[in-house]
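**Student:** Just to be clear, the model below is a prediction. Sequence and coordinates:
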Amino acid sequence: MVDDILQEMRSRAATLRALNASVRFLLNKEGEVIRVDARANPISITRDDADSDCTIRISPENLAKLIDGRLNPMLAFTMGKLKVEGSMGVAMKLAQLLDD
């Protein structure tokens, strides 16, 4: 599932470039990570764990739903399905980009 999410995010690299920040998705207790660095040229979407402007804790299932548009980011945040650490502004911008 994580590989599918990684592939889908890479297919949206052109859109995610507008983020102009780095976001780390912590996907589970085993420490699986997807990191988007929209400052890199070309944009970097990897499984490398590194410091980021914003860290989002979310299950792989809910991240897939978020990307597919089946889960509203604000509702997910309110319901505790995702937690944000770091820049809330970056998280909000990411939500808008995924919603397009």
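**Tutor:** Yep, that arrived.
**Student:** Show me what the most centrally placed residue in the chain is bridged to.
**Tutor:** What sits nearest the mean C-alpha location of the chain, by CA atoms, centre = their mean, is Phe25, with 5.2 Å. Beta-bridge pairing of Phe25, defined through DSSP bridges, involves Ile34, Ile56.
**Student:** List the contacts of it.
**Tutor:** Val33, Ile34, Arg35, Val36, Thr55, Ile56, Arg57, Ile58, Leu63 (CB atoms under 8 Å, 6 or more residues apart in numbering). From N, CA and C alone the C-beta is placed, and that goes for glycine too.
**Student:** Quick check: the fifth one touching Ser87?
**Tutor:** No. Taking contact to mean CB atoms under 8 Å, the distance of 9.4 Å between Thr55 and Ser87 leaves them out of contact.
**Student:** more neighbours, these two?
**Tutor:** Neighbour count, other CB atoms under 10 Å: between Thr55 and Ser87, Thr55 has more, with 20 against 17.
**Student:** what about the more buried one, distance to Phe77?
**Tutor:** Thr55 sits 14 Å away from Phe77, taking CB to CB, to the nearest Å as the criterion.
**Student:** Between those two, which contacts overlap?
**Tutor:** Common neighbours of Thr55 and Phe77, using CB under 8 Å, 6+ apart, are Val84.
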